[in-house]
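Novice: A structural model of the following input is requested.
(chains A and B)
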Protein chains: 2
Amino acid sequence: MSADVVPIGRVETPFETTSEAPPQGEETAYCGNVRVDEQFRDGIGEFAHGDSVVVVWWADRADRDVLRVRDGERGVFSTRSPARPNPICFTECEVVAVDTDDGTLAVRGVDMADGSPVLDLKPPLD
Amino acid sequence: MSADVVPIGRVETPFETTSEAPPQGEETAYCGNVRVDEQFRDGIGEFAHGDSVVVVWWADRADRDVLRVRDGERGVFSTRSPARPNPICFTECEVVAVDTDDGTLAVRGVDMADGSPVLDLKPPLD
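Specialist: This is a model prediction of the structure:
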């Protein structure tokens, strides 16, 4: 089995490149915008200011052949390095504002490189 | 952009079908086994008994055309329903045992249907 992931949109962030972006897994104070494509906007109706949302995104510039990191000392699956066989990353953000017509979710706490494809949005686990 | 996700393995669980599996996002007491394919086993070396691990899996039986759920009352992105445009699910489990040669991670807390493809493993956010 292999399956196609299709972006539901993109995220705008202040980080032009992957190396400028903060390491995955650290909370950040930075704001950004999730721009949801028109055909998926019916799915975002119930978000509101102050909600937590997990942004699931695709590290489209990541090296997918990496299995060992930190000079070979650690297996990639016990790290949050974006370089991994399936570069699916998730970042818990806070919803600052929602415009459902425009498909925009303004969020605080971004750590993605600008323009990264967004695959999914979910409420966090309790 | 669309991208191919490639399973790193499969998960064995007690739930033969999606409808038998517990709802996503509820902690469960059930054990299962993540069977990592040979070419990805170098990535699992550092897991140990008692670690927490986020199992990222693909709900391969899910309807990908769903945007509204609960009789249309909620947008799918504010729920954890596996039926969604990219059926990427994640479940936080506890590592019970690891066999790196065999590529097996025995875990507690599974909620996947048996045989679901596993896309990634990560440590949880703090």
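Novice: Quote the end-to-end distance of stretch A:78-85.
Specialist: 13 Å (CA to CA, to the nearest Å).
Novice: try stretch A:37-57
Specialist: Terminal-residue distance, stretch A:37-57 (CA to CA): 14 Å.
Novice: do it and chain B meet at all?
Specialist: Yes. Using CB under 8 Å from any CB of the partner chain, stretch A:37-57 reaches chain B at A:Phe40, A:Asp42, A:Gly43, A:Ile44, A:Gly45, A:Glu46, A:Phe47, A:Asp51, A:Val53, A:Val56. No exception for glycine: its C-beta is placed from N, CA and C like everyone else's.
Novice: In contact with the second one, which residues?
Specialist: What that stands for is A:Asp42. Residues near A:Asp42 by CB atoms under 8 Å, 6 or more residues apart in numbering or on different chains: B:Leu67, B:Arg68, B:Gly75.
Novice: Pull out the buried residues from those.
Specialist: When the contacts of A:Asp42 are checked for burial by 16 or more other CB atoms under 10 Å in any protein chain shown, the buried set is B:Leu67, B:Gly75.
Novice: Can you flag which of the contacts of A:Asp42 belong to strands?
Specialist: Those of the contacts of A:Asp42 mapping onto strands are B:Arg68, B:Gly75, per DSSP state E.
Novice: Can you get me a residue count around A:Pro123?
Specialist: By the measure other CB atoms under 10 Å in any protein chain shown, the count of residues near A:Pro123 is 17.
Novice: where's it relative to A:Val56, distance?
Specialist: 12 Å (CB to CB, to the nearest Å).
Novice: Which strands and helices lie in contact with the host helix or strand of A:Val118?
Specialist: Using DSSP states H and E, A:Val118 falls within strand A:117-122. Where contact means 3 or more CB pairs under 8 Å, 6 or more residues apart in numbering or on different chains; DSSP states H and E, strand A:117-122 is packed against strand A:9-12, strand A:31-36, strand A:52-58.
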